[in-house]
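**Student:** pasting the sequence and the predicted coordinates here, then a few questions.
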Amino acid sequence: MAVFNVEDCAASRAPGRLLRRLDKTMSAYVESRIAGRELTYQQWVALKVVRDGMVGNAGELARELGLTTGATTRLIDVLETRGLMVRDRSGEDRRVVRLVTTERGAATVEKLQGNVVSAWNEVMAEFSQTDAQAFVDMLARVLAVAERVAGDAPLAEVVQ
């Protein structure tokens, strides 16, 4: 069992800091790769996770993106106004509102996905395919354990 000590978590190598910096750096880099296109990176991620079935409602989307419910509502409003996403009210219980990407939204995800993958491939170019897959596998495992320990419901099953 891995155990960190205080020295292992010096600011330059603290796992939480490294993950935050990686997320912020890559988000800004991908944003620069899709700048001037029809979406921001955050809007693209929102469409992608809804389209891929990772989230199904506004609360799950807020959690996935780390946004407040108000910011998430505004994000959904923008995507809905642009014809990329719809709120689908349940016929059985109108309080239940599912998020669904439209055909146009799904096409937009596909159109910009190459830019996102290309940005990650550029960053991962110094790593072997085995290293890159191990990196993703390890992140998925760490996330699954962190969600379990923190008491959060996992967003997707992780195959080990």
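**Tutor:** It's in.
**Student:** packing partners for the helix or strand hosting Ile76?
**Tutor:** For Ile76, the enclosing helix or strand under DSSP states H and E is helix 69-81. In terms of contacts (3 or more Cβ pairs under 8 Å, 6 or more residues apart in numbering; DSSP states H and E), helix 69-81 is packed against helix 41-51, helix 58-65, strand 85-89. Any C-beta I mention is one placed from the backbone N, CA and C, and that applies to glycine too.
**Student:** rerun at 10 Å
**Tutor:** Helix 69-81 sits against helix 41-51, helix 58-65, strand 85-89, strand 97-101, helix 103-123, with contacts defined as 3 or more Cβ pairs under 10 Å, 6 or more residues apart in numbering; DSSP states H and E.
**Student:** tell me what angle the second one forms with helix 69-81.
**Tutor:** Angle of helix 58-65 versus helix 69-81, following axes from the mean of the first three to the mean of the last three Cα atoms, to 10 degrees, is 100 degrees.
**Student:** so what touches helix 58-65?
**Tutor:** By Cβ atoms under 10 Å, 6 or more residues apart in numbering, the residues outside helix 58-65 that reach it are 42, 45-46, 49-50, 54-55, 67-73, 75-76, 85, 87, 97-99, 152-153, 155.
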